[in-house]
Structure formats: structure tokens, C-alpha cells
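Participant: got a predicted model here, sequence first, then my questions.
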Amino acid sequence: MIAAREGTIRALAHRHSMSGASLTASLLVAIILLTFSAFSQATPPPTAASATVPAPAQNAPEITSHDETTTFKVKVNLVEVRVLVRDAKGHIIDNLKQDDFQLFDNGKPQVISRFSVERATDKLAVHSEPAAAAPDGTAAPTALQPALATSFVAYLFDDIHLGFADLSQARNAAGKQLQSLRPEDRAGVFTTSGQGQLDFTDDRAQLISAMNRIVPRPEQMQTCPHITYYQADMIINKQDPFVEQAAINDAADCSGAIVFLLGSQGSDDPSVFITNNAMKQKLGMMVREEARRELEIGDNEVRIAFSVMQALARRMAELPGQRTIVLVSPGFFMNSNSGLEWKETEVIERSVHSNIAINTLDARGLYTPMPDVSENFYPNKLMSGRMLQYHIAEQDANQNVLADLADATGGTFFHNNNDLEEGFRRLAAPPEVSYLLAFSPQTLKFDGTYHKLKVTLKAPAAGAVQARKGYYAPNAAVDASTQARQAIEDAVFSQEEVREIPVEVQTQFFKATDDEAKLSVVARLDVRQIHFRKADGRNNNDLTVVSAVFDRNGNLVSGNQKVVQMHLKDDTLANRLNSGITLKSSFDVKPGSYLVRLVVRDEDGQLAAQSSTVEIP
């Protein structure tokens, strides 16, 4: 018996656009019919077997169709780690094997259960099929080989944290890089504020125009006293008296308060700088109130930035090709008590899982850690020296997030360099070679705790290893069927061609009018090569079959999912399926270039994933 279940897959029902700090999804549904070859009844020989699903009666028909929920068997709690290895000159090492790596979780060695080498030169495997004749017998136009998008770069400008001078220079440098777009490249312009964005396109004029419209959009305006997010953390969370006293001095100056500053050059007691206790208490309250306000605003800015990155990563996960995010930012600090580290981890998890490299560019260029003339002057040498140290520490802390995102996702961090054009040139391409390691943590507890990761090379392999530094354990086990659906979605939006299940895909089309066409996706499966479970003489397996259609810019046009439930008799499987199973899906489309993606998955997790292109004139 073969049962076909029709349905739609969640990931294939979204077509995304960026708005604000989140992505907006609109539903695209295409429901089609499955067609099968007819099978004759046969009586199988008696077979001893065990079953994991109820077996059908011996006289049950072999072909039925009904809706049913399917459960898949998959591995859960898999942690993925993307790794770059460079030699002493900074060149990528590309010839390492799984046995060359060691991976540690909280200091405990782990078994690497999955390993792959991913190269930027790997192209999306596609082929074109000749168009079939239309139903009325007339010949369809010959299908041409379209130039479809296979590489996507998202330019993400951190306009929440960028100042105008740095932003202006970065926009100009990025605009020059756009002149080198290839026919298969698509770029998009995005911002952490969500304002003035442009989805992926190859229109250079639109891209440059979108970049030129970006302006700084900080949530915080100049206040009295002026306290940075970093300084607020030092005052409120770390209760640093020197930073607080410096802010009190600034408050006294900008508010016009009359204070008396002593000229002591060596005292470590910041309280001697202001002698009027009443004034000092009033200014101290002003400082602490402003510091708490700045912490709240700063936390929100960081939260928004990570939410946009997460949404952008989800959007890019649905693009069929190489994916790179170029984050343009001066860097930003994370409050030590904010608990926002998990937001960064979410971005990393999604990006690593979807093979998205996050390249980061410090838009400050080659900056000096010395305060400029617009910053506070501290007449006491001790205070001035201490605040210079804090200023340098703050500049370094702002870089940490940019470095972490690049390290964890196999990206590159471009910093301390004024040649921003060179920076964009380097960052617009994914790394030449990266290694993807995965492991199932031993005795993992679902408690949300942070786990430190370390990747090293075994002797005699040598090189500098770049990899993520840790991950957060989940708070609950992930449902197996949810992970199975995710595996299918990942395969649909991947660029890989997988042939674990024997399947051939063909595309056909005919034009009903000048503006309307019918696109058909025909899949032929040789089920005799599929592994079956035996139950009461029947051969059992369920196949999930997904078809997806993408336009020339990589946007999902439509998609559908079907489940084929097979309970075949031995004779049918051995002798009656020479022609295999044929599945046909139809889509209403406009003339244009399309990429068709077909994914088939069975209950054991075996996959087939193939792509085909078609040009409808």
C-alpha cells in the first residue's frame, strides 16, 4: 500500500522582507496532486519481521491516499562548530581531515560525529531539462540556461551605534565594492534600526541609493552628564568610584553647578574632588539615575541589534546558495548583568547551522585610544590616568562582539585598518575553506547553562584554529519530528546535491498566455533501492517529498510537501516497480528564470536533494 499525504511545509510558506527589528513573513501555499504508477496485487512469501508501525491487513489495497501525521527518527542535541585553520602567514589550510581535530566540551573530549569540508568554489549543482510538450500537443519553447543567483551578501549597517563620520566612509567604500558584482551575485542592504532597507537584488543603482539613505539612528541623545553604556556598567554593576566621580565632574560642568575641585595630585580617594557634600550628593544621584537610564537604553540597543541579525540569518537560510553577512559597526559593549549573551549565541547557532559566514568590519578604521578634545578633561593626574585606562578598555570591549561573531561562524574580522575598500573586498566573499564539526554532547543536561568549547589540532597538524568559544545548553529536549522538519527545510535551502535516495528530477512548462505559465516538477524514485522495515510481509517506509521554486534573486515563489506512505508486498517491490514511482507537482508562475529544488527524505533520515533550472521566455 502506498498512501500519499498532501500538506505544506512551514519553511516553504514564508517569503520574507525586512522591516524594523524583525522580518515579516507572508504565506505562499501551492497544493497539487501526486500521481503514481499503478501496482497489481500480489501475495508475498511468509517473512519473519519486526515492525515499528502497525502493519496493514493482507487484503488491504496497495494504493490509498489520506492525511496522516508522520514521525521521523533523527539524532538530537547536535552541536555544530565551524572551524577555520590558518598557517603562520595567515593563509587558509585546506587539506585537514577529521582525525586532525580534537574537540572539548567544558574540558571533556567529545566524539566528532559529523565532519565536512566546505569550499567557496563549490557551486550550486543545477541542470536544465528540455521543456515538455503542452497538453494540447503543441511544442513548448526550448528551455534556456538562466543566470540565477548562487551567492548572496547582506550588508548590515549598525546605524544604531555608528556615528555619521564612520558611517559615511563605510557607505562610500561599500558602494565601490558593489561595482564588482558578478551575474550570479545578489546583495542586500540592511540596518540594525530596520530603516531604509533593500532586499537582495543585482541592481547596483538601487543598492547604492539604499546605502546613501542610511543615517545614524541612536536611541540615546546627548545628555548631561554624558555617560556611555560601558561607563554605566562600571558605575551601576561594578560600582567603580573613579568612573562615578568622573561622571560627577562632568555633571557639575555641564549643569553649571558651582563645585570646588581640589588640586591633590596623589590621593586615591575620589571624594576629595568635590568638597560641598550637599552638592556632591545631588550630583551623585543625577549620575546614578542617568547611568541606570543608559543601561536600559544600551541593553535595548544590543537586543535590537541581535534580533535583526537573527532575523537576517533566518532570511538568508532560505536562499539557495552561498551566504555571507557583512556587519559594518564600530562595535558595541554588552552589559555584564544584561543576560544578553544568549541572544548572541542564537545568532551564532542559526548562522553556523545555515552555513552563513558573518564577516565583521570595524568602521572606526585605525582609531586612536586617546580621548579627543571633545572629551572630558580631568585636572587631577590620577583621575586623568585612570579614565584613560577605562577609555582604552572600553574601545577594546566594543570589539569583542565583532570578533566573536566572526570567529564563531567562520568569518573574518577586519579592524585597525583605514583601507575600508580593501576590507569590503575581503569580506564580500566567504572563506575559501572551512570545516564543519558536529558532536552530540555526552550526558547533556537541559538546564540552559553555558558550555565552553575548544577545538585543537592533533600532532603533526599545525595551524591557528578559529572556532566558536561555547554554546548554551537547551532548556528542554527538542522534539524529534521538529528536528526532522528542520532537516528537510535545511536541505531545501541548501546548495548541496545529495543522492542517498535514487531520484531523478525533470522540469516541464507550457505557457497558457503571454503572462501565465504552468511549471511542472516531475520526480521519479526508484523505491527498490530504499531501505524498508518488514511488518507481516509488507515493506514499510514513509517518504517526505518537497518541491520548491525560487526566482532569479533567490526568493521563494512557492513550495509544497507530500508524504508517501509505502506498505508494499514483496512481489510488488521486486517485480512490479520497474518504472519506479512518479510524482508530479504543478506551479502557476510568470515568465522568467527559476530554480527548482527537490528534496526527498525517508524515515531513516536518508536524503536526496537536487536542483534544476528553467527559463520561461
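Facilitator: Received the coordinates, thanks.
Participant: ok, for Pro474, nearest residue in space, not its chain neighbours?
Facilitator: Distance criterion CB to CB, 6 or more residues apart in numbering; nearest residue to Pro474, sequence neighbours excluded, is Phe446 at 5.5 Å. Quick note: C-beta positions are derived from backbone N, CA and C, even for glycine.
Participant: and the one you found, what element?
Facilitator: Per DSSP states H and E: Phe446 is located in neither a helix nor a strand.
Participant: what does Thr582 give?
Facilitator: Going by DSSP H and E, Thr582 is in strand 581-589.
Participant: check this protein for its longest helix and report it.
Facilitator: The longest helix of the chain (DSSP state H) is helix 277-317.
Participant: right, and the helix or strand after that one?
Facilitator: Helix 277-317 is succeeded, C-terminally, by strand 322-329 (DSSP H and E).
Participant: could you check the angle that following strand makes with helix 277-317?
Facilitator: Strand 322-329 and helix 277-317 are oriented at 160 degrees to each other (axes from the mean of the first three to the mean of the last three CA atoms, to 10 degrees).
Participant: tell me the SS of the closest residue to Lys590 other than its chain neighbours?
Facilitator: Of all residues not flanking Lys590 in the chain, Asp515 sits nearest, at 6.4 Å (CB to CB, 6+ apart). Judged by DSSP: H, G, I helix; E, B strand; the rest coil, the three-state class of Asp515 is coil.
Participant: mind checking the pLDDT average for the helix or strand harbouring Leu519?
Facilitator: Per DSSP H and E: Leu519 is located in strand 517-525. For strand 517-525, mean pLDDT is 91.
Participant: centre of the chain to that strand, how far?
Facilitator: In terms of CA atoms, centre = their mean, to the nearest Å, the centre of strand 517-525 is found 30 Å from the chain centre.
Participant: and it with strand 581-589, angle?
Facilitator: Angle of strand 517-525 versus strand 581-589, following the same axes, to 10 degrees, is 160 degrees.
Participant: where does the protein have low pLDDT?
Facilitator: By pLDDT under 70, the weakly predicted segments of the chain are 1-77, 121-147, 220-222, 256-276, 367-386, 477-480, 495, 579.
Participant: please redo it, this time with the cut-off set to 50
Facilitator: Low-confidence segments of the chain (pLDDT under 50): 1-55, 61-76, 124-125, 127-144, 258-273, 372-379.
Participant: which stretches in it count as helices?
Facilitator: Going by DSSP H, the chain shows helices at 164-177, 204-212, 229-236, 241-255, 277-317, 341-353, 381-409, 420-427, 480-492, 570-575.
Participant: quick one, which of the ones you listed is nearest to Pro183?
Facilitator: Closest to Pro183 of those is helix 204-212 (CB to CB; 12.2 Å).
Participant: so which bits of the closest one are buried?
Facilitator: Across helix 204-212, burial judged by 16 or more other CB atoms under 10 Å covers Leu207, Ile208, Ala210, Met211.
Participant: please name every helix or strand in contact with it.
Facilitator: Secondary-structure packing of helix 204-212 (3 or more CB pairs under 8 Å, 6 or more residues apart in numbering; DSSP states H and E): helix 164-177, strand 185-191, strand 198-201.
Participant: next one: Leu595 from Arg468, what distance?
Facilitator: 31 Å (CB to CB, to the nearest Å).
Participant: doesn't Tyr472 make contact with the residue nearest to Pro474?
Facilitator: No. Phe446 is not in contact with Tyr472 according to CB atoms under 8 Å; the separation is 10.9 Å.
Participant: more neighbours: which of these two?
Facilitator: Ranked by neighbour count (other CB atoms under 10 Å), Phe446 and Tyr472 place Tyr472 first, with 16 against 12.
Participant: so who does the more buried one touch?
Facilitator: The neighbours of Tyr472, taking CB atoms under 8 Å, 6 or more residues apart in numbering as the test, are Glu341, Trp342, Thr345, Gly448, Thr449, Tyr450, His451.
Participant: now do Gln231
Facilitator: Val243, Ala246, Ala247, Ala291, Glu294, Tyr390, Glu394.
Participant: count of neighbours near Ile112?
Facilitator: Per other CB under 10 Å, the neighbour tally for Ile112 reads 16.
Participant: you'd agree it is up against Asp99?
Facilitator: No. Ile112 lies out of contact with Asp99 (CB under 8 Å); the separation is 9.0 Å.
Participant: turn the contacts of Tyr472 into CSV, including neighbour count and distance to Arg217.
Facilitator: Shown next, in CSV, are the contacts of Tyr472 (neighbours: other CB atoms under 10 Å; distance: CB to CB, whole Å):
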residue, neighbour count, distance to Arg217
Glu341, 16, 25
Trp342, 13, 25
Thr345, 18, 26
Gly448, 11, 33
Thr449, 11, 36
Tyr450, 13, 32
His451, 17, 36
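Participant: just these now: which is nearest Ala438?
Facilitator: The closest of these to Ala438 turns out to be His451 (CB to CB; 14.4 Å).
Participant: contacts only, for the closest one.
Facilitator: Asp105, Asn106, Pro441, Gly470, Tyr471, Tyr472, Ala473.
Participant: circling back: deepest of the helices and strands packed on helix 204-212, which one?
Facilitator: Highest mean neighbour count of these: strand 185-191, a mean of 25 (counted as mean count of other CB atoms under 10 Å).
Participant: how far away from the center of its chain is that one?
Facilitator: Relative to its chain's centre, strand 185-191 lies at 14 Å (CA atoms, centre = their mean).
Participant: now do that strand: everything it contacts.
Facilitator: Contacts to strand 185-191, defined as CB under 8 Å, 6+ apart, come from residues 18, 149, 151-159, 178, 181, 196-202, 207, 210-211, 214, 217, 308, 312, 553-554.
Participant: please produce a PyMOL select command covering the buried subset of those residues.
Facilitator: In PyMOL syntax, the buried subset of the contacts of strand 185-191 is picked out as below (16+ other CB under 10 Å):
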select buried, resi 18+149+151+152+153+154+155+156+157+158+159+178+181+196+197+198+199+200+201+202+207+210+211+214+217+308+312+553+554
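Participant: JSON lines for the contacts of Gln231, including neighbour count?
Facilitator: What follows is those, written out as JSON lines (neighbours: other CB atoms under 10 Å):
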{"residue": "Val243", "neighbour count": "24"}
{"residue": "Ala246", "neighbour count": "27"}
{"residue": "Ala247", "neighbour count": "26"}
{"residue": "Ala291", "neighbour count": "24"}
{"residue": "Glu294", "neighbour count": "24"}
{"residue": "Tyr390", "neighbour count": "17"}
{"residue": "Glu394", "neighbour count": "18"}
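Participant: could I get these as TSV with distance to Lys590?
Facilitator: Listed next are these as TSV, based on distance: CB to CB, whole Å:
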residue	distance to Lys590
Val243	61
Ala246	63
Ala247	61
Ala291	57
Glu294	51
Tyr390	59
Glu394	53
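Participant: most widely separated two among the residues you listed?
Facilitator: Taking CB to CB, no two of the contacts of Gln231 sit farther apart than Glu294 and Tyr390, at 15.0 Å.
Participant: run a quick check on Arg601 versus Ile488, I expect a contact.
Facilitator: Yes. Arg601 is within contact range of Ile488, at 5.4 Å (criterion: CB under 8 Å).
Participant: who's more crowded, these two?
Facilitator: Arg601 (26 against 23).
Participant: tell me the contacts of the more buried one?
Facilitator: Phe72, Ala484, Ala487, Ile488, Ala491, Ile501, Leu543, Thr544, Leu607, Ala608.
Participant: the strand holding Leu519: which residues count as buried?
Facilitator: Ala517, Lys518, Leu519, Ser520, Val521, Val522, Ala523, Arg524, Leu525.
Participant: separation between the third one and Leu598?
Facilitator: Yep, that's Leu519 we're talking about. In terms of CB to CB, Leu519 sits 13 Å off from Leu598.
Participant: then the last one?
Facilitator: For Leu525, the distance to Leu598 (CB to CB) stands at 10 Å.
Participant: same deal with the first one?
Facilitator: When CB to CB is applied, the distance between Ala517 and Leu598 equals 19 Å.
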